[in-house]
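S.K.: 3D model of this:
(one chain, ligands or ions: 2)
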Amino acid sequence: MIADIVVKNISQLITLEGENRPRVGKEMMEIGLIENGILAIKDGVIKYVGQGELPSNIQMDNDTQIIDGKGKTVTPGLVDPHTHLVHGGSRENELDMKLKGAKYLDILKAGGGIHSTVKSTKGASFEELYKKAEKSLNTMLEFGMTTVEAKSGYGLDTETELKQLRVAKKLNENHPADIVSTFLGAHAIPTEYKGNVDEFVDIVVNDMMPKVQEEKLADFCDVFCEEGVFTVEQTKKILNAAKKYGMKSKLHADEIEPLGGAELSADVEAISADHLVAASEKGMEMMAEKGVIADLLPGTSFNLGMGKFANARRMIELGVPVALSTDYNPGSCPTENIQFIMTLASLRMKMTPEEVITAVTINSACSIGRQEEIGSIAVGKKADLAIFDSPNISYIIYHFGINHIDKVIKNGQLVVDNGKIINV
Ligand code: IZC
Ligand code: ZN
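M.R.: Ligands and ions are numbered 1, 2, ... in the order given. Sure, this is the predicted structure:
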């Protein structure tokens, strides 16, 4: 076999070899590190992973692209399992309010926050939403992310929810990065349904969901379960209905107030519960028992000035699989920089570099049900790679705020070189 691409002399090749399932506890430290690593790609698929030289059955010819990995760290393409990628407008106007002490939920209650983005998203055309999301997705790819989850939730009406999801679908078709879509029709309570939330829940379940399913627009369903937004009961009703439409459950759980979102995620056997800053001990135990992935978003704690981060150490101790996300959105976390999130996870949640890498690769792939294809560097898996201009993983986390990516390979194609997108 003649390889299309060979990456050789890799200082640190981080394979995440092992079973295609969420890693828990001490397993999160086992990242499958190979020094002086080498790998070969053919037809978009990984064909060989090892140390030193290629075996004799894999050859190179003049068309083989050879990449020198000296001084570089190579990881699986990073996976972001929680973003609000598609939206209109921005919310820098909230910065001044925040500096004066306004809280996220107060701004939302006063008709700002998510409502402000809903207005901008309703007012934006398909093309405008597409262009804006494409720009962010380009940035994400340049930061090493090859698969990104994208939620709706800025429509709060059927038409705009479908518009957002169709934008995500088209981006998935056209962009080198892969997008996995989540329906988040229950992201906030529209002003006109303030006193009548159950009626809105009915619309989400009986009008929006069948249409989302008809066009196969989402793999997952998510709800913002939070004080003043959707209750545990309403969330349960929506997620149970989603199951009937073939959508697996995710939820914004215990982000700000301890409502019992972690417990609910175990109860409905969600694939992930996200945020969990205020999760209870019991909730975390229940998640461990049911194998619900804790998708942590420390950028939000940082940006909202919460003074508190999710208790990642306790979750790892209890055997809850931990993943990490940007939570890229125009309100609580306006950044596409997963590498900064990795630094926050380490410095503020005390996750080791190994745990952080596990959380942004195999565990995040599991969090969107894609672990058979991505999340580790193994023979037969998609050739999605992040090549960092860093001698080891600690360096990526330690030297923070910048982009360490040199190259990104997606489906066996070089799509980022010298940290910049090519061929797009
Ligand atoms: O636009 O504020 N938390 N949803 C739940 C968000 C943050 C996004 C936003
Ligand atoms: Zn979110």
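S.K.: Return the residues in contact with the residue in the chain that ligand 1 sits nearest to.
M.R.: Nearest residue of the chain to ligand 1 (Cβ to the nearest ligand atom) works out as residue 331 at 2.9 Å. Every C-beta, even on glycine, is put in place using the N, C-alpha and C of the backbone. Listed by Cβ atoms under 8 Å, 6 or more residues apart in numbering, the contact set of residue 331 reads 91, 94, 104, 113-114, 117.
S.K.: is it true that residue 418 touches residue 405?
M.R.: No. The pair residue 418 / residue 405 is not scored as a contact, 9.1 Å apart, by Cβ atoms under 8 Å.
S.K.: List just the nearest of the contacts of residue 331 to residue 187.
M.R.: Of all the contacts of residue 331, residue 187 sits closest to residue 114, with 6.0 Å by Cβ to Cβ.
S.K.: The closest one and residue 188 touch, don't they?
M.R.: Yes. In this structure, residue 114 is within contact of residue 188 by Cβ under 8 Å, at 4.2 Å.
S.K.: Give the intersection of the neighbour lists for these two.
M.R.: 108, 153, 224.
S.K.: Residue 418 and residue 405: which has the busier surroundings?
M.R.: residue 405 (24 against 9; other Cβ atoms under 10 Å).
S.K.: tell me the phi and psi of the more buried one?
M.R.: phi -70, psi 130 (degrees, to the nearest 10).
S.K.: Can you check the pLDDT for it?
M.R.: Per-residue pLDDT puts residue 405 at 99.
S.K.: For it, give the beta-bridge partners.
M.R.: residue 388 (DSSP bridges).
S.K.: Contacts only, for it.
M.R.: 142-144, 386-389, 416, 419.
S.K.: buried subset of those?
M.R.: Neighbour counting with 16 or more other Cβ atoms under 10 Å marks 142-144, 386-389, 416, 419 as buried within the contacts of residue 405.
S.K.: right, and out of those residues, which lies closest to residue 309?
M.R.: residue 143 (21.1 Å).
S.K.: so who does that closest one touch?
M.R.: Residue 143 makes contact with 78, 336-339, 403, 405, according to Cβ under 8 Å, 6+ apart.
S.K.: Can you flag which of these belong to strands?
M.R.: 78, 405 (DSSP state E).
S.K.: related to what we said a few turns ago, nearest to residue 373 among the buried ones among the contacts of residue 405?
M.R.: residue 386 (15.8 Å).
S.K.: that older thread, want to try JSON lines for the contacts of residue 405, with distance to ligand 1 and pLDDT as columns?
M.R.: Output for the contacts of residue 405, formatted as JSON lines (distance: Cβ to the nearest ligand atom, whole Å; pLDDT from 0 to 100):
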{"residue": "142", "distance to ligand 1": "23", "pLDDT": "98"}
{"residue": "143", "distance to ligand 1": "20", "pLDDT": "98"}
{"residue": "144", "distance to ligand 1": "23", "pLDDT": "98"}
{"residue": "386", "distance to ligand 1": "26", "pLDDT": "99"}
{"residue": "387", "distance to ligand 1": "32", "pLDDT": "99"}
{"residue": "388", "distance to ligand 1": "29", "pLDDT": "99"}
{"residue": "389", "distance to ligand 1": "32", "pLDDT": "98"}
{"residue": "416", "distance to ligand 1": "27", "pLDDT": "98"}
{"residue": "419", "distance to ligand 1": "28", "pLDDT": "98"}
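S.K.: top of the contacts of residue 143 by neighbour count?
M.R.: Busiest of those [other Cβ under 10 Å] is residue 78, holding 30 neighbours.
S.K.: was I right about it contacting residue 386?
M.R.: Yes. Assessed by Cβ under 8 Å, residue 78 is found in contact with residue 386 at 5.6 Å.
S.K.: What parts of the stretch 51-200 of the chain come near ligand 1?
M.R.: Residues of the stretch 51-200 of the chain found near ligand 1 (Cβ under 6 Å from any ligand atom) are 84, 113-114, 117.
S.K.: how is this protein carved up into domains?
M.R.: Annotated domains of the chain cover 5-77+373-421, 79-367 [automatic domain parsing].
S.K.: Tell me which of the ones you listed is the most buried.
M.R.: Highest mean neighbour count among the domains of the chain (mean count of other Cβ atoms under 10 Å): domain 79-367, with a mean of 21.
S.K.: Tell me how far that one lies from the chain's centre.
M.R.: Distance, stretch centre to chain centre, for domain 79-367: 9 Å (Cα atoms, centre = their mean, to the nearest Å).
S.K.: Next, the distance between the ends of that domain.
M.R.: 9 Å (Cα to Cα, to the nearest Å).
S.K.: same check, this time on stretch 304-313
M.R.: Stretch 304-313: ends 21 Å apart by Cα to Cα.
S.K.: Run through who's touching it.
M.R.: Contacts of stretch 304-313 (Cβ under 8 Å, 6+ apart): 98, 104, 256, 275-279, 284, 294, 296-298, 300-301, 322, 332, 344-345, 348-351, 355.
S.K.: I'd say residue 348 and residue 297 touch.
M.R.: No. Residue 348 lies out of contact with residue 297 (Cβ under 8 Å); the separation is 11.8 Å.
S.K.: circling back: please flag which of the contacts of residue 331 sit within helices.
M.R.: If you go by DSSP state H, the contacts of residue 331 have 94, 104, 114, 117 in helices.
S.K.: secondary structure element for residue 49?
M.R.: strand 45-51 (DSSP states H and E).
S.K.: Partner strands of the following helix or strand past that strand and their direction?
M.R.: Going down the chain from strand 45-51, the next helix or strand is strand 65-68, by DSSP H and E. With DSSP bridges as the test, strand 65-68 is paired with strand 5-14 (parallel).
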